[in-house]
Each structure stands twice: as structure tokens, then as C-alpha cells.
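Student: Kindly generate the corresponding structure for this input.
(chains A and B)
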Amino acid sequence: MAQWGMVIDLQKCIGCYACVVACKQEHFLPPGVFWSRLVISETGKYPTVTKIMYPVLCNHCEDAICVKVCPTGATVKREDGIVSIDYNKCVGCRYCVVACPYQQRTYNANSNREYFPGQGLTEFELIGQRLYPLQKGTVVKCTFCLERVDEGLEKGLRPGVDREASPACVITCPAKARYFGDLDDPQSEVSCLIKEKKAAQFHPEYGTNPSVYYISR
Amino acid sequence: MRPYEWMVKYTSQTEWIKGRGMLFWIAFFFVELGAGMFLISSLFGNVIGEVIGWLICALLGGGFHLLYLGRPFRFYRMLLKPQTSWISRGFLFVSGFLALGAIHLALSFWASSNLGLLVVVAVLSFLAIIYGGFAMNYVNGIPLWNSALLPVLFAVAGLWGGAELSVAVLLLGGGMNEGLERLIQILLVGFALILPMYLISARYGLPAGKISVGEIVRGKWWPVFWGGVVVLGIALPLIITLGSLLAGLLVIPVELLYISILFGLLGDLVLRYLILKNGFYNPLVQASLSRHGKHG
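Tutor: Numbering: from 1, shown residues only, chains lettered A, B, ... in the order given. The predicted structure follows:
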């Protein structure tokens, strides 16, 4: 069984937010809910200021703390490494939101929030609610676009190689800074990049063994 | 905090203290207070205190816990993961305590309760007291909570609060128990010693712990901490306790004892608020401190 993971090349990332928008569009996420984010900071003093950009998303950790703390078993780690949430089991205690040291989970307090307040849900938002029925009072997070991965595999496609089977943020990135693939396959692009470019996990000190790696500048 | 400062500056947790999260804070407090009162009352054979403790834990503790949940009708599902989840364990302890406690109380009133059953209920009530501290301690992203002293602090606070309420019940009935008074003195001194130890240990750990303690002790929460927790919540009860030791309990006016109990409980509640409110995460990407200031 494959272990899906991602590599993000910070040398290539231009901070355009395309991944953030693509993710929101792909999953019809309501206002205020982000599964993919861009954390931007600056270090140094003028004139030697450096801008630091880190695209962040759920790390689908090998030893995920959210899976451990979930009291209902709603958050599970699938055999292919993807950490997913069963909205029908989530009780909305938000222990996972608090426990995630990367803060990549969001409590969906109101799934009926409109993008244009007072004007009702748009046609796009209504379609989204049918396709991705997020439940009010549950926790949501990045799924590595598991529906694209699963459907792609059913069609015989290769996630990370074929666009149709790859996460939306990966295929949208105009700088091609994101790579997706099987971490267990030594020949996969992600495994080669991790080895050759010495890609590292984000804050490994939390001991969760993330499946998202970063190639530093 | 502005959106672009999220996880760039030290970011505090909000889910367990902001908006409906306030219910979680109150629920934690009442579960521990009620279970503590039941445990202390059972040790001193005070059945009325046991009933009140059970009711506080069930109605206020359990009630606020359920109100906090996003999907409260699925509460039974929380029994499913006690092997790894402290919330699940807590739910088991509290429901076990409430179910067996109800049987014990019913037997106490209408027949005679079994000592074995009482021991089991007492153990469950103690587990209900300590689970909140362990649930928070498990969160390794928040250094202020990820301290071994936090469960100890909350356990002592729960027992102390329970003992104080038991005294209040006894005082209302016109009686007093010297052993209980002695226990309160020990718990109060223990609480007063553990609190600074806990804050010092968090202060000298990870940077976010230093920020958290700084916010509580010297930052915008300092009047609440020093006034509400230290002076009214600890010092005042300590002075009254000392006075009762020197002059004898019966000499101290009852009103003063009630005030001491009230401020002691409020101090405990405020301290829990401060600990939940100032649970800061380490930033994912550190900002340049010279440009962005210390934190949000």
C-alpha cells in the first residue's frame, strides 16, 4: 500500500496563494475555513530583510496526535497514510483542533455562512454543499484531496503523476513547487526529492513524523 | 491578532476558551469541583455533601460539557477511544462516577450502601478530578499546558474546592469537622506551593511557555492574576486559615469563612481561565521580533 506524501519546494514557491484558492474552490470551503494556507513572515532588518513563505496544510502525520486524541474514532489514519475525518462520527469536542501543534484543523461552526452576507447562498455555494456536505458542529481539515486520489486510482491513474488523480493544490501551483506521491516507493519523485535535495519535515520536534516535506532555500 | 500574524507570532488557543469555548472552561471547573466535593464528603461521611457534589458534577459539569459539544446528541460516541484519548477516558470516569454514585446515594438513603461500592465511586470521582489536567497536559503544542505539574495543580485545586464546599455545607448545618479543616489547610498550602512551581517550570521551558507565563504574571492579565488568584484566591483564605489555627475555628465569624470559601473558589475558576486563555503555540514561522514586537 502506498504512503501518500507531499514535497514543497520553498525555492520555487512565489507566494501567489494559488494553492490556497484552489483548495477553497475544490472543496467549496465556506468563509473563514482554510485547509491550505500560506504563512508569510520576515526576518532581519532593513536593508537585509528576508521574506519567508511557508505553504502549510495538514501534515497527515505518521504518528498523528489528532488521531490519538479523538474520543470518537472520527479521525482515522487510512492505510495509505491519509488522515481523514468521518463527519458522521465527529462530536465537535475540538480536542484535535487544540492538540494539533501545526494548527491545521478548523471547527466548522456554521457551514451556511454566505460569501455575500444577506444575499443568500450563491449557486456555486449550493452546489458545493451538495458535493461536499460539511456538517455544522464538526471539525474539518485538508484531506490530500482523497476523493481525487481514490477516483484516480480506480481509473488506473497514478496520483502525483496524472493531474486527475493529484491534489488540487499540486496541479494548480504555477511554479510547480508542489510534488505528490508515494513516500514508500524509492523511485517516486517525492522520495527522490527528499533524498537528493535533503527535504525536511516541518517542526519535527513535535514527534509526529509529518508526511509533508519542505525543500529549504 | 490579525490574520497575517496567525502562527507567525505566538498564537493562543481559542477553541476551549473563546465564544462557546467558555462552556468548556466552566464544565472542567464544575466536574472537578463536584467530584472533589463528593470525594471529600464521602471521606467524612457527609451524605448531603455527596449529593450536592454529585449534582454539581452531573448538572453543571456534565450539562456544560454537553452544551459545548458541536454535536451533543452523539455524546455516547465519546466512550469509544479510551485507549488513547483523555476526553474519552474523562467521559468514562465521569459517567461511571455519576452512574455508580447515583446507586450509592440511592442505597445510602433507602437501604445501606456497600463499602466496596463507595470505594469504587470514590476512585472514579478522583479520576474525574484528574482527567482535565491530563487532557490539557497531553497537548504538546502548548508548553504552558504540557507540564507534569498541571494535572497535580488541577487535582489539588479540585480537592481543595470540594473540601471548601463541604465545609460550607457543614457550616450551614451548624457543625464543623476538625479533620476536614485540617485537610483544607494542607490542600491550601499545597496549592499555594504548587502554583509558583508550575509557573516557574513553564517559564523556563519553551519560548511559548515563557510568553504564556509572562502574559499571566506581568502582561495584560497581571491584575486578574495577582488580585483575583493570589490575593483573594490564595492569600485571603490562607490568612483566615492561619487565624483559625491560632484563635480556634469557632472564634472566626462564619461570614468570614463563607467569604474565604467564595474567594477560594473564584480564584480557582479565574486561574483555570488564565491557563486556558494564555495557552500559546510556538509560531510555525518565527517573525523578526524587532519588526513585529514581542507577540500578538
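Student: Right, and chain A sits closest to which residue of chain B?
Tutor: Chain B approaches chain A most closely through B:G70 (2.0 Å), counting by Cβ to the nearest Cβ. Heads up, the C-betas are built off the backbone N, CA and C, glycines and all.
Student: show me the contacts for that residue.
Tutor: By Cβ atoms under 8 Å, 6 or more residues apart in numbering or on different chains, B:G70 lies in contact with A:90-94, A:107-109, A:136-139.
Student: Do a quick rundown of the strands in the chain.
Tutor: Picked chain A for this. A:4-9, A:36-43, A:50-57, A:75-77, A:83-85, A:105-108, A:138-141, A:178-182, A:200-201, A:212-215 (DSSP state E).
Student: wrong one, I was asking about chain B
Tutor: Secondary structure of chain B (DSSP E): strands located at B:11-12, B:280-281.
Student: Report the rounded mean pLDDT for the last one.
Tutor: Averaged across strand B:280-281, pLDDT comes to 96.
Student: partner strands of it, parallel or antiparallel?
Tutor: Using DSSP bridges, the strands paired with strand B:280-281 are strand B:11-12 (antiparallel).
Student: Not counting the partner strand itself, show me its contacts.
Tutor: Contacts with strand B:11-12, where a contact means Cβ under 8 Å, 6+ apart, come from A:103, B:1, B:5, B:277-281, B:283, B:296.
Student: Tell me which residue of chain A lies closest to chain B.
Tutor: A:G92 (2.0 Å).
Student: Distance check, the residue of chain B closest to chain A against A:E62.
Tutor: Look at B:G70 and A:E62: by Cβ to Cβ, to the nearest Å, they are 28 Å apart.
Student: A:I194: which of the strands of chain A is closest?
Tutor: Nearest to A:I194, of all the strands of chain A, is strand A:212-215, at 5.3 Å by Cβ to Cβ.
Student: Partner strands of the closest one, with direction?
Tutor: Counting by DSSP bridges, the strands paired with strand A:212-215 are strand A:4-9 (parallel), strand A:200-201 (antiparallel).
Student: Same list, those, but as TSV with mean neighbour count and mean pLDDT please.
Tutor: Shown next, in TSV, are those (neighbours: other Cβ atoms under 10 Å in any protein chain shown; pLDDT from 0 to 100):
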stretch	mean neighbour count	mean pLDDT
strand A:4-9	25	98
strand A:200-201	16	96
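Student: Could you export these as TSV, including distance to B:G214?
Tutor: TSV is the format used below for the strands paired with strand A:212-215 (distance: least, Cβ to Cβ, whole Å):
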stretch	distance to B:G214
strand A:4-9	34
strand A:200-201	30
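Student: Could you count how many residues lie near the closest residue to A:L38 other than its chain neighbours?
Tutor: Closest residue to A:L38 apart from its sequence neighbours, by Cβ to Cβ, 6 or more residues apart in numbering or on different chains: A:P55 at 5.3 Å. A:P55 has 24 neighbouring residues, counting by other Cβ atoms under 10 Å in any protein chain shown.
Student: quick one, what contacts A:P55?
Tutor: Contacts for A:P55 (Cβ under 8 Å, 6+ apart) come out as A:8, A:13, A:19-20, A:36-39, A:169, A:177-178.
Student: Compare those and tell me which is most surrounded.
Tutor: A:C19 (28 neighbours).
Student: contacting residues around that one?
Tutor: Shown in contact with A:C19 (Cβ under 8 Å, 6+ apart): A:36, A:38, A:55, A:169, A:172-173, A:178.
Student: Repeat the analysis, applying 7 Å as the threshold.
Tutor: Contacts for A:C19 (Cβ atoms under 7 Å, 6 or more residues apart in numbering or on different chains) come out as A:36, A:55, A:169, A:172-173, A:178.
Student: Kind regards, and thank you for your time.
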